[in-house]
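*Asks:* coordinates only, sequence not included:
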Ligand SMILES: CC(C)(COP(=O)(O)OP(=O)(O)OC[C@H]1O[C@@H](n2cnc3c(N)ncnc32)[C@H](O)[C@@H]1OP(=O)(O)O)[C@@H](O)C(=O)NCCC(=O)NCCS
């Protein structure tokens, strides 16, 4: 049986590994931007400058999204309208117009390449894919405009677990907090409405935004699948993260 001290150590180790992973992704991004090895050292110096400037006011509360929303903030009209909302973002079952938008969003290589394995390409294939019995996808709406999709793959009722996938389709819509609100609503649906026990995600090692977003919901690193995918002829690691219901409820109650 795992003692409290042991589980703390395991989770500390996971956090340290996660930090290493994010640092490596950041490093790869810098190299992609054309930053040289010598300049990377300057970047490290600038990072330290930022820490000094923060002058001890580093906001640890940013480490968890529970500072921004809690379970009672969800407007739950699931029973009457099949709709969950928080702030300006809502999720609801997809209708026939959604696959066409998804097909258009996925024409952007960076969107399609974020997924492992990839989504089908055509509207016709997506129409079948998104409503298959082992999946359940929702439209994400921002101020009543379609912004993306979020949903479950590999729904497994035995152990009550599923894989979560999300896409904020229009690049202009990203970075506005839509992804994190939709994720919060989807986790509410999985844990509170459907009573699932576990949600897990696969993410490319370089997808810092997605890694950050998930970590702040309490997702923990479960493992790194070494050189699992190939993107533009380059082998890439895939990260798997998992979140169990008791952890999420404790964080967001
Ligand atoms: C990943 C994705 C869903 C995030 O949605 P989003 O609406 O852009 O994200 P949000 O604005 O809610 O930001 C969520 C967190 O991402 C991080 N983030 C946001 N912008 C970022 C940036 N430019 N660089 C790095 N991290 C960033 C932050 O941690 C942010 O949380 P914070 O605002 O509390 O600091 C969206 O970028 C996307 O669809 N990407 C392509 C598909 C994909 O990668 N899907 C995930 C695979 S399952």
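*Replies:* On my side now, so go ahead. Note that the structure is predicted; figures quoted are calculated from it, not measured.
*Asks:* what about the residue of the stretch 1-150 of the chain found nearest the ligand, neighbour count?
*Replies:* Closest residue of the stretch 1-150 of the chain to the ligand, Cβ to the nearest ligand atom: residue 114 (3.2 Å). In short, each C-beta sits where N, CA and C put it, glycine included. Residue 114 is flanked by 21 other residues according to other Cβ atoms under 10 Å.
*Asks:* helix, strand or coil: sort out it for me.
*Replies:* Secondary structure state of residue 114, per DSSP: H, G, I helix; E, B strand; the rest coil, is coil.
*Asks:* surely it touches residue 208?
*Replies:* No: between residue 114 and residue 208 there is no contact under Cβ atoms under 8 Å: 11.4 Å.
*Asks:* where do the strands of the stretch 1-150 of the chain begin and end?
*Replies:* 75-76, 84-86, 89-93, 136-142, 145-156 (DSSP state E, counting those that start in this stretch).
*Asks:* please identify which of these is closest to residue 25.
*Replies:* strand 145-156 (22.0 Å; Cβ to Cβ).
*Asks:* partner strands of the helix or strand following the closest one, with direction?
*Replies:* Using DSSP states H and E, the helix or strand that follows strand 145-156 in sequence is strand 161-168. Using DSSP bridges, strand 161-168 pairs in its sheet with strand 145-156 (antiparallel), strand 198-204 (parallel).
*Asks:* tell me the average confidence for strand 161-168?
*Replies:* The average pLDDT within strand 161-168 is 98.
*Asks:* how about whichever helix or strand comes after it and the ligand, touching?
*Replies:* Where DSSP H and E defines the elements, the next helix or strand beyond strand 161-168 is helix 178-188. Yes: Helix 178-188 comes into contact with the ligand (Cβ under 6 Å from any ligand atom), by way of 178-180.
*Asks:* re the thing from before, most tightly surrounded among the strands of the stretch 1-150 of the chain?
*Replies:* With neighbours taken as mean count of other Cβ atoms under 10 Å, those reach their highest mean count in strand 136-142, at a mean of 22.
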